[in-house]
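Colleague: Predicted model and sequence below, questions to follow.
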Amino acid sequence: MAIGAARTSIVGLVLRAGMTWAGAGIVIGLAGAWSISRAANSLLFDVSAGDPLTFGLTGFTLAAVAALACLAPAIRATRVDPVIALRGD
């Protein structure tokens, strides 16, 4: 903001950075879960080991929680006084 950035671009920058890491973690986690789901097939009740609805809803829920978790620091970043931020560096 000290060099002319708008609040929306700061929020977008923080959300994009956080969601990039969260998305990579979700993809890796779901791929790992799918690969070992055959071993856990005997522990599952009323759902198949590779149920696409379960995997899809899990990925969506994790992405929504990650977006909410990234939103708090993004909003906090817009409230920083630019003069104080420049003095800190």
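Modeller: Looks like it came in fine. Here the structure is a predicted model, which means the values were calculated and not measured.
Colleague: which ones are touching residue 81?
Modeller: Contact analysis of residue 81 by C-beta atoms under 8 Å, 6 or more residues apart in numbering lists nothing. For every residue, glycine as well, the C-beta is placed using N, CA and C.
Colleague: Tell me the pLDDT of residue 29.
Modeller: What the model reports for residue 29 is a pLDDT of 93.
Colleague: And residue 37, by the same measure?
Modeller: Confidence at residue 37, expressed as pLDDT, is 81.
Colleague: I'd say it and residue 49 touch.
Modeller: Yes. At 4.1 Å, residue 37 counts as touching residue 49 under the criterion of C-beta atoms under 8 Å.
Colleague: Now do the lowest-mean-pLDDT helix or strand in the chain: distance to the chain's middle.
Modeller: Sorted by mean pLDDT, DSSP states H and E, the helices and strands of the chain end with helix 82-88, the least confident at a mean of 75. Taking C-alpha atoms, centre = their mean, to the nearest Å, one finds the center of helix 82-88 at 28 Å from the center of the full chain.
Colleague: One more: stretch 10-21?
Modeller: Distance, stretch centre to chain centre, for stretch 10-21: 9 Å (C-alpha atoms, centre = their mean).
Colleague: Which strands or helices does the host helix or strand of residue 61 pack on?
Modeller: In this structure, residue 61 sits in helix 52-78 according to DSSP states H and E. Using 3 or more C-beta pairs under 8 Å, 6 or more residues apart in numbering; DSSP states H and E, the elements in contact with helix 52-78 are helix 7-36.
Colleague: Compute the inter-axis angle for the helix it packs on and helix 52-78.
Modeller: 150 degrees (axes from the mean of the first three to the mean of the last three C-alpha atoms, to 10 degrees).
Colleague: Give me the buried positions along helix 7-36.
Modeller: Across helix 7-36, burial judged by 16 or more other C-beta atoms under 10 Å covers 10-11, 14-15, 18-19, 22, 26, 33.
Colleague: same question, stretch 39-55
Modeller: residue 49.
Colleague: How about residue 26: what's its closest non-neighbour residue?
Modeller: residue 62 (5.1 Å; C-beta to C-beta, 6 or more residues apart in numbering).
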